[in-house]
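A.B. asks: Sequence and predicted structure below; questions after.
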Amino acid sequence: MAGETDVQVSRSIRIGGLTIGGVGQTIPADKHVAIKKTVPKNSTNIQFDVAADISDAVGMAIEASQDCTVYTNDLSTGTPTDTLSLKKNVPVLWSLGDPVAAKFLSADVTAVYVTTGSEDTKLAFAVAEDVTPAF
């Protein structure tokens, strides 16, 4: 049943004294996956197993405390499903109601791989899903 893991979204921007946004949005969800890990400096393709069904996603977010690269799914093929070049403390967000083209994950995720630079990196990643069948 949707609503067991509600997603809270609030975004705003201030330009020249004008603030746009900032009104909170609640999106019902009933399943989520979330990881928060510290990845050592100078790491290459450190793997974290996750299970996220992107077709059911109603919200997703990723953020890193340092510049890093995140790849999704099987790297043994040489071609990850998605490659994300994250900038220090710049969250990447998508939620229901945003353009579908803005989803930063293009397929279900089974693992994420993280490559870091010269600093330890705190990585936060979450996907919320609504798997409630439509009637």
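C.D. replies: Perfect, I can see it now.
A.B. asks: Could you work out the end-to-end span of stretch 88-104 for me?
C.D. replies: 17 Å (Cα to Cα, to the nearest Å).
A.B. asks: actually stretch 45-57, not the one I typed
C.D. replies: When the termini of stretch 45-57 are compared using Cα to Cα, they are 25 Å apart.
A.B. asks: Now do the same for stretch 48-62: mean pLDDT, whole number.
C.D. replies: Averaging pLDDT along stretch 48-62 gives 95.
A.B. asks: List the contacts of it.
C.D. replies: Residues from elsewhere that reach stretch 48-62, judged by Cβ atoms under 8 Å, 6 or more residues apart in numbering: 7, 9, 27-29, 31, 33, 35, 37, 70, 84, 86, 91-96, 103-114, 123-131. In this view, the C-beta of every residue, glycine as well, is placed from N, C-alpha and C.
A.B. asks: Write the ChimeraX selection for whichever of these are buried.
C.D. replies: Buried residues among the contacts of stretch 48-62 (16 or more other Cβ atoms under 10 Å), as a ChimeraX selection:
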select :7,9,27,28,29,31,33,70,84,86,92,94,95,96,105,108,109,111,112,113,114,123,125,126,127,128,129,130
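A.B. asks: Strands of this protein, residue ranges please.
C.D. replies: 7-9, 12-15, 18-21, 25-27, 31-39, 46-52, 57-64, 68-72, 83-86, 92-95, 109-116, 121-129 (DSSP state E).
A.B. asks: tell me the angle the fifth one makes with strand 57-64.
C.D. replies: Taking axes from the mean of the first three to the mean of the last three Cα atoms, to 10 degrees, one finds that strand 31-39 is oriented at 10 degrees with respect to strand 57-64.
A.B. asks: what angle do strand 31-39 and strand 121-129 make?
C.D. replies: Going by the same axes, to 10 degrees, strand 31-39 is angled at 170 degrees with respect to strand 121-129.
A.B. asks: hmm, who's touching strand 31-39?
C.D. replies: So strand 31-39 is in contact with 4-5, 46, 48, 50-52, 56, 68, 112, 114, 116, 120-131, going by Cβ under 8 Å, 6+ apart.
A.B. asks: Since that was my last question, I'll sign off now.
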